[in-house]
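In: missing the sequence, but the structure's below:
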Ligand SMILES: Nc1ncnc2c1ncn2[C@@H]1O[C@H](COP(=O)(O)OP(=O)(O)OP(=O)(O)O)[C@@H](O)[C@H]1O
């Protein structure tokens, strides 16, 4: 039966019952069922009639719950089939609905029903319904902000007079299984554009949300993953967040470029810090070209649950960060803290062994021929060249750590992450981020490190320019590759950063459900990875 028609019939039944009540109909007797039983007529009248009599008694004794709310006298005077009265018991929980003024009619209409909220659970109010009255107060010519106090003032129950909108049955929220990981922090309190702060939901980068409604282009509804009973909250849609991102004009992309002094390359594919301007020009060129490529605004990434069992191999841990931020320091601390748990993949190079360096500890020293053969045979996870020598990490060196049951730590250029075979290594990407410049000055002012000017023993301290470069490069990396980062660690105080990293990796090793990018389970991924051999050389 058509939904609207059903409601009209219910209203008519309600009216009839009220009519009978006004006529003061008198029951035949108070205890019809009991009397019938006594007279042993029960066999004759049978069960059906007995039930009928019990219903009669219940009606006669007015023994029914809940009592019908009185229909206002004029309720059916209007368009008879389009008005309904809804009475909701008020609890401490908010109603879970937002209202707006319909621009064409000026009517107050229900803009959203939050999934799992009181209004949603009642099943009586729907998006698009027009509110005519709240607790007997007509809403004609009222603004939404004038209606809200009426709702707030209601004590135990709120009574609505509603003209139903066109209602389509929603898919129950537990049937919608779209999970996303937030790639940005969101606080409704700091967002002047949110339609209703109370209905919105705050979240942090990395939180996993279940999207339960995407009908609206700008505001979706979501709840925390694994919290099926909670009321959904409004979150900015992907489109809205992307628009905001583009409007922000990220700072590092529009900054005038300047040549950068000493900044090092990751040890996995380059030796150490550089200082000459020529070298740095090429280093910066690489970043500029990448930055002006495709931009990926950080909104949400689709994730799926993946069960990690105790017997499973550890995931590959990839550490990323601007040079000098402390990636090697953190790796070193991890290995020292638990050498049975953590291992480092040893990079390959075609350059000569220097001073104290040891084969298989600092590098695997190989010939150019062998290195190029490995490139052609897709044996390298990542590689590049610096000062005419190749540097790279082989799949073998990662496997060598993994077969010992250790968690393999490696650092790669972020552009290489997408080429790592995700189904095999399940990479967990940690971005090591510098703190603000004041904290960098405070924590690194006296730090001495080795820099390469042909002499590996040369020691120097960070300059103000190094700090600024670190921050700029970090922002650029985050803008371009932030969607790949599973965890961001700010390396201000090194003890705190190390503790946070260790906790994160310990959680990663635990059996249980982990959220991984949905694209890992898509067949197109393998195809992309097969082309990795051609792309890894593009630094
Ligand atoms: N939070 C910190 N506070 C103070 N000093 C730090 C901190 N983190 C790292 N350092 C020091 O900064 C120097 C550079 O760190 P590290 O070599 O780990 O950088 P990196 O990110 O690996 O850079 P590169 O790849 O160029 O070697 C080291 O001397 C290290 O001990």
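Out: Okay, I see it. These numbers come from a predicted model, not from an experiment. Numbers count the residues shown, from 1 in each chain.

In: What residues of the longest strand seen in the chain count as buried?
Out: Assignment by DSSP state E gives strand 300-308 as the longest strand of the chain. Across strand 300-308, burial judged by 16 or more other CB atoms under 10 Å covers 300-301, 303-304, 306, 308. Any C-beta I mention is one placed from the backbone N, CA and C, and that applies to glycine too.

In: possible to save those residues as a markdown table with distance to residue 330?
Out: A markdown table is the format used below for the buried residues of strand 300-308 (distance: CB to CB, whole Å):
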| residue | distance to residue 330 |
| --- | --- |
| 300 | 28 |
| 301 | 25 |
| 303 | 25 |
| 304 | 29 |
| 306 | 25 |
| 308 | 23 |
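
In: thinking again about what came up before, past the longest strand of the chain, which element shows up next along the chain?
Out: Downstream of strand 300-308, the next assigned helix or strand under DSSP states H and E is strand 317-320.

In: Touching the longest strand of the chain from outside, list them.
Out: 178-183, 208-209, 238, 241, 426, 483, 510-521 (CB atoms under 8 Å, 6 or more residues apart in numbering).

In: so of these, which ones are in strands?
Out: Going by DSSP E, the strands hold 178-182, 208-209, 512-517 from these.

In: Near the ligand, list only the ones from these.
Out: Under the cut-off given by CB under 6 Å from any ligand atom, the ligand has nothing from the ones in strands among the contacts of strand 300-308 close to it.

In: Pick out whichever of the residues you listed sits closest to residue 199.
Out: residue 209 (15.1 Å; CB to CB).

In: can you tell me which residues contact the closest one?
Out: 179-182, 203, 222-225, 235, 300.

In: before we move on, back to that, can you give me the angle the longest strand of the chain makes with strand 178-182?
Out: Interaxial angle, strand 300-308 versus strand 178-182 (axes from the mean of the first three to the mean of the last three CA atoms, to 10 degrees): 110 degrees.

In: quick one: strand 300-308 to chain centroid distance?
Out: Averaging C-alpha positions (CA atoms, centre = their mean, to the nearest Å) puts strand 300-308 10 Å from its chain's average.

In: Next, count neighbours for the residue of the stretch 401-539 of the chain found nearest the ligand.
Out: Nearest residue of the stretch 401-539 of the chain to the ligand, counting by CB to the nearest ligand atom: residue 494, 3.3 Å away. By the criterion of other CB atoms under 10 Å, residue 494 has 15 neighbours.

In: For it, give me its contacts.
Out: 326, 329-330, 333, 443.

In: Out of the residues you listed, give me the two with the largest separation.
Out: 333 and 443 (14.9 Å).

In: got the contact list for whatever residue of the stretch 51-200 of the chain ends up closest to the ligand?
Out: Among the residues of the stretch 51-200 of the chain, residue 185 lies closest to the ligand, at 22.6 Å counting by CB to the nearest ligand atom. The contact partners of residue 185, by CB under 8 Å, 6+ apart, come to 203-205.

In: hmm, which of the residues you listed are the buried ones?
Out: Applying 16+ other CB under 10 Å to the contacts of residue 185 flags residue 203 as buried.

In: Which of the contacts of residue 185 sits closest to the ligand?
Out: Using CB to the nearest ligand atom, those come closest to the ligand at residue 205, 21.0 Å.

In: That closest one touches residue 180, doesn't it?
Out: No - Residue 205 is beyond contact range of residue 180, at 12.0 Å (criterion: CB atoms under 8 Å).

In: Could you pull up the mean pLDDT of the longest strand of the chain?
Out: Rounded to a whole number, the mean pLDDT of strand 300-308 is 92.

In: Mind listing the residues bridging to residue 219?
Out: Beta-bridge partners for residue 219, by DSSP bridges, are residue 236.

In: brain fart, residue 386
Out: residue 389.

In: burial count for it?
Out: Neighbour tally, residue 386, other CB under 10 Å: 20.

In: can you tell me how far it sits from residue 349?
Out: Going from residue 386 to residue 349 by CB to CB, to the nearest Å gives 9 Å.
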